[in-house]
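Colleague: Sequence first, then the predicted structure:
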Amino acid sequence: MQPEKLEQEGDPQDNFVEARDPTELAMCFILASAYLGLTKYCWEPLILAHNWKLLINVEGFFITISAISILVGLRPYLSPSSLQLSGKGIKYRGPYWPQRKTVNWDQIYKAYLSRELVVLLYRNKSSSKRIWPMFITSIYLADRDRIIPAFVKYSPVQPVIMTSPTIVSRIIMGIVFLAIVIWILGMLMN
C-alpha cells in the first residue's frame, strides 16, 4: 500500500482556489447595514399606518436583502470554490454547490475552455452513451489565466479554446435576462 500512496503523493497537480477579498465582505456588510437602516427607518411610519400587510412586505424585503447580502459576503469564507487538476483528473467545488465533483480524464468526451467558463462533457461510466455537462465557473478562481494552460497540460482530449464574449454580447445577454425576469414577474403579478 505504501508504494501506491507514494505514487499518489508524487502526482503533480495544479490547484486553483477562490480568492477571499475582505473589501467584498466589507461592502456586503455595508449593504446589509444600509438595508437594516431602511428597516428601522420605515418601521415606525408603517406601524402608525396600521397596514400590516405593507409592514410585513416592506420589512420582510429589507431584512431578506440584508440576510442575502451577508450570506453572499461570507460564502467565500464558508465554502470557497476550488479546482484541482492532476494527471488523474479534475476535482471541482463550485461557488454555490459545496460538494466536490470528481471526473477522471478517461471520462472526458469534450472540453471547451475560456477565461470565465470551462465546459466539460463527460460520461459517468466508460460504457455509458449518455454525456453529462460539467460547468466550471473559473471567474471565481484566483489565477484564472493559468487554468487554460493547466488543462492543456493534463488533458488527453484536445480542448476547444473559446474567447470570452465581447461587451456588446454581454449587454445583449443582460438585457435578455432582464426581459425574462420582468416577464416572469409580470406573469406572477397577474
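Modeller: Looks like it arrived, so ask away.

Colleague: What distance do you get for Trp43 to Arg130?
Modeller: Counting by C-beta to C-beta, to the nearest Å, the gap from Trp43 to Arg130 is 54 Å. Yep, even glycine has a C-beta here, placed from its N, CA and C like the rest.

Colleague: same thing with Val152?
Modeller: Counting by C-beta to C-beta - Val152 and Arg130 are separated by 27 Å.

Colleague: So which of these two has more stuff around it?
Modeller: The neighbour count for Val152 versus Arg130, taken as other C-beta atoms under 10 Å, is higher for Val152 (13 against 7).

Colleague: And the spatially most central residue of the chain, what's its pLDDT?
Modeller: Nearest to the centroid of the C-alpha atoms of the chain, with distances taken as C-alpha atoms, centre = their mean, sits Pro95, at 3.9 Å. If you check Pro95, the pLDDT there is 81.

Colleague: I'd say Thr102 and Gly89 touch.
Modeller: Yes - taking contact to mean C-beta atoms under 8 Å, the distance of 6.3 Å between Thr102 and Gly89 places them in contact.

Colleague: Mind checking which of those two has more residues around it?
Modeller: Remark: of Thr102 and Gly89, Gly89 carries more neighbours, 18 against 11, as counted by other C-beta under 10 Å.

Colleague: Give me the phi and psi for the more buried one.
Modeller: Gly89 adopts backbone torsions of phi 170, psi -150, taken as degrees, to the nearest 10.

Colleague: Lys101 is in what secondary structure piece?
Modeller: Lys101 belongs to strand 100-104 when elements are defined using DSSP states H and E.

Colleague: Quick one: the strands in this protein, in order.
Modeller: Secondary structure of the chain (DSSP state E): strands at 13-17, 82-86, 89-93, 100-104, 108-113, 118-122, 132-136, 160-161.

Colleague: Partner strands of the fourth one, with direction?
Modeller: Looking at strand 100-104 with DSSP bridges, its paired strands and their directions are strand 89-93 (antiparallel).

Colleague: try the shortest one
Modeller: Within its sheet, strand 160-161 is paired with strand 108-113 (parallel), according to DSSP bridges.
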